[in-house]
Each structure stands twice: as C-alpha cells, then as structure tokens.
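Enquirer: starting from these lines, generate the structure:
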Amino acid sequence: MTTTNDRRQAIQNELVNVLTGLVSTIQLTGGETPASLAGFVHNRNELPKEMVPGIILLDGDERMDQRIVPPTPGRLQVKLPTQFMILTPEIYVVLDVRKPANLNVGADLNICRLAILGAIWDDATLQTIVGSNGKITVDAVVSDLARNRVMQGQLGISIGFHYPLIAAEIIGR
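Expert: Numbers count the residues shown, from 1 in each chain. I've put the predicted structure just below:
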C-alpha cells in the first residue's frame, strides 16, 4: 500500500512549522521585565526549565465528524466514500512562575492565545490541507487561572481541524 497524502500528518507537520516560527515573535509583558517565549516542544509532557516560557504541541485525537450525514442505506455508493474527520491537537502555553502576585499572567496568556490563533487561521497551508469543505475551529481554551486551580500561568487550546479523509489519497488509487 502506498500512502499518497496523509492530511493528519500534514496538519501536524504544519502546526510544528507555525508554532516553531511563532515562538520568537511573541513578546510578553513579563513578570518583572518584558520577554519573549523561550521554547517549543512537540509531543512532550512538559517544557525543560530553560525553555520556559514556551509552547507545547500534542498531536491529540482524531474522530469522525458526526455532523456529516452518512449516505442513505441502499442507494448507489462509491466503494470507499469520503469521510469527514476532526483532528484535535492540543496546544499549551506555559509561562514562568510569577508568584505571589502573578504579575501580567492573564495578559500574557491572552497575548499568546491571540498570536497562536491568528497564526493558525492565517496559515495558507493549513487552509489548503483542510480543503474547501473543511474548516478550522477553536474547540476550547482552558487556563489555570480560576478558583481552586494551580494559578501558575498555563493555558490549553484545543483546535479542531475538520477535513476530508479521502480513500484514494490513502491507498493511492
């Protein structure tokens, strides 16, 4: 079997490119002094100390998009119909610890959120991969800045990449 186009892997590869390039451009207001992000890791549970503040990208899950109506049983169908999938990678922003006052933590998380979302939505390669029938959505944004949470300055973003899984692209015919 020859794989001709793996959209899942293409999305993940482009996210790595986008986020790696973004790290040095984000300027934080900082705790004591302004700073930029120090690092990026892919598929690692945490950032090494020398890469904080930074971004973690995890590949996440993939599932069939249930909102797409399946073909009517008994009707003439293509042997291997196109399915629509949702890939949900997770992006985490990890700031340096700024206790006890948590100076500018909320503002810096928002700066990172806007920069990440803007870079993803503006990326022509990602738009091409999901195709004209696909889309890119923000499924959730969760911070640790809430009552009874650790409040260290972390933010998780779940992005949904809705794209066609085309059998001919996978099996090469």
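Enquirer: now residue 24. Nearest residue, chain neighbours left out?
Expert: Leaving aside its sequence neighbours, residue 24 sits nearest to residue 36 (C-beta to C-beta, 6 or more residues apart in numbering; 6.0 Å). Any C-beta I mention is one placed from the backbone N, CA and C, and that applies to glycine too.
Enquirer: same deal with residue 141?
Expert: residue 157 (5.3 Å).
Enquirer: number of nearby residues for residue 124?
Expert: Using other C-beta atoms under 10 Å, the number of residues around residue 124 comes to 8.
Enquirer: any weak-confidence spans in the chain?
Expert: Applying pLDDT under 70 to the chain flags residues 1-4, 31-33, 68-80, 172-173.
Enquirer: in it, which spans are strands?
Expert: Along the chain, counting by DSSP state E, strands occupy 27-28, 35-36, 39-42, 54-64, 83-94, 135-143, 154-165.
Enquirer: would you list the ones you listed in TSV and tack on mean neighbour count and distance to residue 113?
Expert: Shown next, in TSV, are the strands of the chain (neighbours: other C-beta atoms under 10 Å; distance: least, C-beta to C-beta, whole Å):
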stretch	mean neighbour count	distance to residue 113
strand 27-28	17	12
strand 35-36	14	16
strand 39-42	18	16
strand 54-64	18	11
strand 83-94	20	7
strand 135-143	14	6
strand 154-165	21	6
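Enquirer: which among those strands is found nearest to residue 10?
Expert: strand 154-165 (9.2 Å; C-beta to C-beta).
Enquirer: before we move on, back to that, now the residue nearest to residue 141, which residues is it bridged with?
Expert: residue 91, residue 141 (DSSP bridges).
Enquirer: isn't it right up against residue 119?
Expert: No - using C-beta atoms under 8 Å, residue 157 is not in contact with residue 119; the gap is 11.6 Å.
Enquirer: can you put the strands of the chain in TSV and add distance to residue 126?
Expert: Shown next, in TSV, are the strands of the chain (distance: least, C-beta to C-beta, whole Å):
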stretch	distance to residue 126
strand 27-28	24
strand 35-36	23
strand 39-42	16
strand 54-64	13
strand 83-94	11
strand 135-143	6
strand 154-165	7
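Enquirer: count of neighbours near residue 82?
Expert: Burial of residue 82 is recorded as 14 neighbouring residues (other C-beta under 10 Å).
Enquirer: tell me the phi and psi of it?
Expert: phi -70, psi 130 (degrees, to the nearest 10).
Enquirer: that one against residue 169, yeah?
Expert: No - proximity of residue 82 to residue 169 does not meet the contact threshold set by C-beta under 8 Å, at 9.4 Å.
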